[in-house]
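**Q** here are the coordinates; sequence isn't available:
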């Protein structure tokens, strides 16, 4: 029987080539895109989950009470808290100190290698799954010169026989001094959010940063390895109590435990410090978009199969008359469906393989079809079953339930009911497509807005060079040489970074500061005297610091800070308390956006301390960047020979804030295009079918004197009505969703009406082209031919 | 007795009015009969045939087929009944376009779940009997109308039914082809197959042993 099913299916498909091609092309594209998206989604879900002790690894975070009982969640914790908690609570097996990743140059012999690294303690290698290939992890805690490096870095240093050369080799890190390799660890797998190539010991870091010994100073991420039977919520309360015993102040910060592997996808918290989202939102959006595409192409399938089924009504009648039962017919049509879905599936997998490199570049991942993984098979099976069921089930049942007598005569009622369903599905399909188009448009507009918004601070054609001790010593010489070189407009020092202001402190007080304002964090920027000129930030009041290496008597703040302090129109000369010392405000800078536009402008304190700022800033002439960069290289070669030069463009670093949005924008665009194409593919199939169905009607109308135009309108009209309805459905939905998405930005565009108009117009245009092809074809056909058939 | 219809009524509702397709039909058919159903267009001939063939239901009355009460049988049971005992021949032949002659003949056997070797033998037998062995690999579109109807009849006969229902079997054929087909029916009837045919032609009706006249859904 099955062989017979297959034979019939194959012959039917060959006979209806348009139907067959549209279904196969549409489905294989949708399957490929959904597979790619699923691969990405799975990868995201698996980030950091590979650690064997995943269930026992918890990040320690702080909840900081702000004004109006709002809680903010910070990732940094203090060292004494970790250390003391481990001593006091038996549930804690160990604590792990995780320093922030930085990029630096490592020198081996005469060669420099740039690599990302951080500090940590030996517990990191014992608690997380990071296999040690060579050496002793305890060295990291006990020997200050100990350095751990990854296998791939060792290979870069010493080539294939690194194992015999690595241990004990001296390595110089520009910012941190001299080390010797004491352990080599296996590279982090791609499912790790941590990708550091080297680690130095936390104890060494601590010895150079004794401020970290204070309970109130939070200088790193901290994690606990808990005992398997530990009660996490009880423990976090105990740790919080311990923390409260040791810090001062009225509005005390709380302690929050989050599973280490959850941190990657769920790192946003609401004002009650409950998880509110994070990267997971994007994962969900794209999983949904992939399903949308699959649904759109399954709708094509359903519409075409039910439409073509009416052509086969008499076949069904005959089969029933000669003894076919309903389930036999369901089997037959299901075989046909499965034949198409299987074929599409194979083509889809081929397409996936073809598109993988492109997607990997786009998403910056290393995705692949790893057939040794059972999850891949489940995924493939899932997509296959879903597609076959979605597209096969309904048509099979509809077709096989035709009443034999009616079916033999040609269809009446049945046809009408599937016709209504078809229309409904077309509306659904175009609503989804429109939703994607409008979203893509709005996202793009917001990204443009973010990129073009005047931040109040110059960011283009400015490069930043990491400021290490050598550079600080030679700064004056470098600056003098640079300023007389071609294409250089300014040189200054600033740190850590003017456009992300990672450092902050609540150690600012002023007369009239309320208790509620206790925890307000002021962003800190260490600058040189010419910081405002170089970054083109105007002064609101007073003056900036005069040239010098330090000024502990005066203070410059931004407008937002002045407003918070309630200093009014004349803040200059007012006294404030900063880190326990009295200072006088000498100037107020106009506000500039010092963080991503997700967040409002922070109150900021500018300090004069060029020698410890963090970055040397060189402003280039925008018209001759190439020459300017050459000048920078030349000056460095002259003043600091043997010193590696690495620079980043400030605007690019700022744009990195929006990498998720850029990815979203790009993906949304692709999804929108594909969804429209798929929808129109289905429309084309339906239009072809309708035109054939109405051949006789069109023939009669032409005989009666209808013009080509009349006929074209007649055939197209129905479809346009459907698209019109889709526009009405999709617009409010898109408005709602995009409003939500934009709500995350502190600075955002209003949803442009143009988006709806353009999306509607675009869809109508593309469908017009699709439909009119068929409409005109049938309108210009010879009525004698079309009437002859009966 | 092969089948019996008692007080069969069939109607449809249209615009609040009940339109009768069949009105109080009482009919008894013995095995071996050759019945011709006649009447003007729209008198209910085909409807009656479809009801007898269990392709269509009815609103009122009782229908007994080989002592089974068809009106109260479940769909599946009914399907088994007509699969086993009834063969259809249509005016438009209704062969499956995508299947060859041989495959068309095979189809009812597949639906009856008959084993492969037995099936092959039965098909070969039927091809032989109707003298169409040379046509077995052709598709219906490659045959003349008469040849197609021949295949149609062969297909109806292949599962050895007790009853053949033919709805104007010669309606689309020229007169010599028509005569051939009618001669074939006569021969089958002589071999013991019960036949009910719908026809317009007095000449064709004359092949039968009994004539039923219908007018507006009533037997007259």
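**A** Thanks, I have it. What you see is a predicted model; the values in this text were computed from it and never measured. Residues are numbered from 1 along each chain as shown, chains lettered A, B, ... in the order given.
**Q** what's the nearest residue to the most centrally placed residue in chain B if we skip its chain neighbours?
**A** Ranked by distance to the mean C-alpha position of chain B (Cα atoms, centre = their mean), the top residue is residue B:165 at 1.9 Å. In this structure, residue B:165 finds its nearest non-sequential neighbour in residue B:53, 4.7 Å apart by Cβ to Cβ, 6 or more residues apart in numbering or on different chains. (Glycine included, C-beta is placed from N, CA and C.)
**Q** Could you look up the SS state of the residue nearest to the spatial centre of chain A?
**A** In chain A, the residue lying closest to the centroid (Cα atoms, centre = their mean) is residue A:660, at 2.9 Å. Under DSSP: H, G, I helix; E, B strand; the rest coil, residue A:660 falls in the helix class.
**Q** Show me which residues of chain A are close to chain B?
**A** When proximity is defined by Cβ under 8 Å from any Cβ of the partner chain, chain A lies next to chain B at A:1, A:4, A:7-8, A:11-12, A:15, A:314-315, A:317-325, A:328, A:403-405, A:408.
**Q** again, 7 Å this time
**A** Counting by Cβ under 7 Å from any Cβ of the partner chain, chain A comes close to chain B at A:1, A:4, A:8, A:11-12, A:15, A:314-315, A:318, A:321-325, A:328, A:404-405, A:408.
**Q** hang on, the earlier thing: ok but the residue nearest to the centre of chain B is inside a strand, no?
**A** Yes - counting by three-state DSSP, residue B:165 falls inside a strand.
**Q** pLDDT wise, what is it at?
**A** On the pLDDT scale, residue B:165 is placed at 93.
**Q** where's it relative to residue B:88, distance?
**A** Distance of residue B:165 to residue B:88, given as Cβ to Cβ, to the nearest Å: 5 Å.
**Q** quick one: contacts for the residue nearest to the centre of chain B?
**A** Counting by Cβ atoms under 7 Å, 6 or more residues apart in numbering or on different chains, residue B:165 touches B:49, B:52-53, B:86, B:88, B:196.
**Q** The residue nearest to the centre of chain A and residue A:282: what is the separation?
**A** Distance, residue A:660 to residue A:282, by Cβ to Cβ: 6 Å.
**Q** and if you look at residue A:69?
**A** Taken as Cβ to Cβ, the span from residue A:69 to residue A:282 is 30 Å.
**Q** check contacts around residue 162.
**A** No chain specified, so I'll use chain A. A:154-155.
**Q** oops, chain B please
**A** Per Cβ under 7 Å, 6+ apart, neighbours of residue B:162: B:2, B:31, B:85, B:194.
**Q** Next up, the contacts around the first one.
**A** Think residue B:2. Taking Cβ under 7 Å, 6+ apart, one finds B:29-31, B:66, B:162-163, B:194 in contact with residue B:2.
**Q** okay, now residue B:130: neighbour count?
**A** 18 (other Cβ atoms under 10 Å in any protein chain shown).
**Q** Which secondary structure elements does the host helix or strand of residue A:387 sit against?
**A** Using DSSP states H and E, residue A:387 maps to helix A:374-400. Under the contact criterion of 3 or more Cβ pairs under 7 Å, 6 or more residues apart in numbering or on different chains; DSSP states H and E, helix A:374-400 touches helix A:17-46, helix A:279-311, helix A:326-363.
**Q** want to throw the ones you listed into a markdown table with mean pLDDT?
**A** Compiled in a markdown table, the helices and strands packed on helix A:374-400 are given as follows (pLDDT from 0 to 100):
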| stretch | mean pLDDT |
| --- | --- |
| helix A:17-46 | 88 |
| helix A:279-311 | 83 |
| helix A:326-363 | 88 |
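**Q** Dump those to TSV, plus mean neighbour count and distance to residue A:193.
**A** Shown next, in TSV, are the helices and strands packed on helix A:374-400 (neighbours: other Cβ atoms under 10 Å in any protein chain shown; distance: least, Cβ to Cβ, whole Å):
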stretch	mean neighbour count	distance to residue A:193
helix A:17-46	21	10
helix A:279-311	22	10
helix A:326-363	18	14
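**Q** what angle separates the helix or strand of chain B with the lowest mean pLDDT from strand B:163-167?
**A** The helix or strand of chain B with the lowest confidence, counting by mean pLDDT, DSSP states H and E, is helix B:75-85 at a mean of 83. In terms of direction (axes from the mean of the first three to the mean of the last three Cα atoms, to 10 degrees), helix B:75-85 departs from strand B:163-167 by 90 degrees.
**Q** Partner strands of the very next helix or strand once past helix B:75-85, with direction?
**A** As assigned by DSSP H and E, the chain's next helix or strand after helix B:75-85 is strand B:86-89. Take DSSP bridges as the rule and strand B:86-89 pairs in its sheet with strand B:163-167 (parallel).
**Q** per-domain residue ranges of chain A.
**A** Here the domain parsing of chain A from automatic domain parsing is A:1-47+A:274-411, A:57-264, A:462-657.
**Q** Output the ones you listed in TSV, with distance to residue A:699 appended to each entry.
**A** TSV is the format used below for the domains of chain A (distance: least, Cβ to Cβ, whole Å):
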stretch	distance to residue A:699
domain A:1-47+A:274-411	17
domain A:57-264	63
domain A:462-657	61
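**Q** quick revisit: among the residues of chain A next to chain B, which ones are buried?
**A** When those are checked for burial by 16 or more other Cβ atoms under 10 Å in any protein chain shown, the buried set is A:4, A:8, A:11-12, A:314-315, A:318, A:321-325, A:328, A:404-405, A:408.
**Q** Mind picking the two most distant members of the residues you listed?
**A** A:11 and A:405 (25.8 Å; Cβ to Cβ).
**Q** circling back to that earlier point, so the residue nearest to the centre of chain A versus residue A:692, what's the distance?
**A** 48 Å.
**Q** if I pick the residue in the stretch 1-150 of chain A positioned nearest to chain B, what's in contact with it?
**A** Proximity of the stretch 1-150 of chain A to chain B (Cβ to the nearest Cβ) peaks at residue A:11, 4.2 Å away. Residue A:11 makes contact with residue B:98, according to Cβ under 7 Å, 6+ apart.
**Q** Could you pull out the buried residues of the helix holding residue A:387?
**A** Buried, per 16+ other Cβ under 10 Å, within helix A:374-400: A:376, A:379-380, A:383-384, A:386-388, A:390-392, A:394-396, A:398-400.
**Q** how far does stretch A:549-559 stretch from start to finish?
**A** 24 Å (Cα to Cα, to the nearest Å).
**Q** Where is the longest helix in the chain?
**A** The chain I'm using is chain A. helix A:413-452 (DSSP state H).
**Q** if you could check chain B rather than the one you did, that'd help
**A** From DSSP H, the single longest helix across chain B is helix B:175-190.
**Q** C-terminal to that helix, what's the next element?
**A** Toward the C-terminus from helix B:175-190 - assigned by DSSP H and E - lies strand B:194-198.
**Q** any bit of that following strand sitting next to chain A?
**A** No - Strand B:194-198 stays clear of chain A (Cβ under 7 Å from any Cβ), getting no nearer than 13.8 Å.
**Q** what comes up buried for the next helix-or-strand element following that strand?
**A** Per DSSP H and E, strand B:194-198 leads on to helix B:202-205 as the next helix or strand towards the C-terminus. Across helix B:202-205, burial judged by 16+ other Cβ under 10 Å covers B:204-205.
**Q** I'd like the average pLDDT over helix B:202-205.
**A** On average, the pLDDT along helix B:202-205 is 90.
**Q** and residue B:131, helix, strand or coil?
**A** Residue B:131 is classified as coil under three-state DSSP.
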